[in-house]
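Visitor: Fold the stuff below for me.
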Amino acid sequence: ISNLLKQPQEIKVHKGLLLLEKLLSSIPPSSVSPSEAENPTLVSILAPLVKVIVYQDVSELRKLGFACYSKYVNMFSLSGRYSVYNHLLNTVNHSGLLGWTISSLKDSIALSLTKSGQHPEYTGHSLSKLVLPLFTLSNGAQTDLLEVSDEVLATINFAHYLLVRDKENISGVQNIKPEIKNWVAQLEEGLKMSTAHYEQ
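Guide: Have a look, this model is predicted:
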């Protein structure tokens, strides 16, 4: 499948996507164990799949690729998804795809909060290690906010949800409040700079 997705011919890419979609549709959501999340064969599908979603000219293939992407993430158990998010948040550079991934992470954390103590990877140091990179702008206040708008909006939604929902600090989100505040200050400064630029 991975080799088909890497081919320049659209017909081969389409065949690879159809095979992948059929395979993923046969796997019940949340059924794949955490140990499989780092299986090199499975992980090797992600880079060519992301490339199809971001760079493929044919919109139907991009849509099919995205359907596979979301099924791929959701086939893992909550604990297994932690490794998948860790990989994706460190390799995906497309703002729209990152935005969806951050929203999916938020939903997984929300679910883990209803099962207190069962998913320690979504708490404390493990969670902060995963999400702290979200609260940095690549070029500080100089970052082009239009270019990263999808991921920024998803991150604002993510932070707001956790800070409001997790009053007891089960996830440990309160411990990273200084980093979130610093990020918000950078965003505000960046917005002022953008506004000033467009008003010239």
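Visitor: contacts and neighbour counts: CA atoms only from here.
Guide: OK.
Visitor: Which strand or helix spans the closest residue to residue 5 other than its chain neighbours?
Guide: Distances taken as C-alpha to C-alpha, 6 or more residues apart in numbering put residue 13 closest to residue 5, at 4.6 Å, once the chain neighbours are dropped. Using DSSP states H and E, residue 13 falls within helix 10-25.
Visitor: Which stretches in this protein count as helices?
Guide: Taking DSSP state H, the helices of the chain run over residues 2-5, 10-25, 40-55, 59-74, 78-91, 95-113, 124-131, 149-165, 177-199.
Visitor: Redo those helices as a markdown table? Include mean pLDDT, distance to residue 34 and mean neighbour count.
Guide: Shown next, in a markdown table, are these (pLDDT from 0 to 100; distance: least, C-alpha to C-alpha, whole Å; neighbours: other C-alpha atoms under 10 Å):
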| stretch | mean pLDDT | distance to residue 34 | mean neighbour count |
| --- | --- | --- | --- |
| helix 2-5 | 96 | 21 | 18 |
| helix 10-25 | 97 | 16 | 17 |
| helix 40-55 | 96 | 12 | 17 |
| helix 59-74 | 98 | 12 | 19 |
| helix 78-91 | 96 | 4 | 19 |
| helix 95-113 | 96 | 14 | 19 |
| helix 124-131 | 95 | 15 | 17 |
| helix 149-165 | 96 | 23 | 17 |
| helix 177-199 | 88 | 29 | 14 |
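Visitor: Adding distance to residue 140, write those helices out as CSV.
Guide: Converted to CSV, the helices of the chain look like this (distance: least, C-alpha to C-alpha, whole Å):
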stretch, distance to residue 140
helix 2-5, 35
helix 10-25, 37
helix 40-55, 25
helix 59-74, 30
helix 78-91, 18
helix 95-113, 16
helix 124-131, 17
helix 149-165, 13
helix 177-199, 6
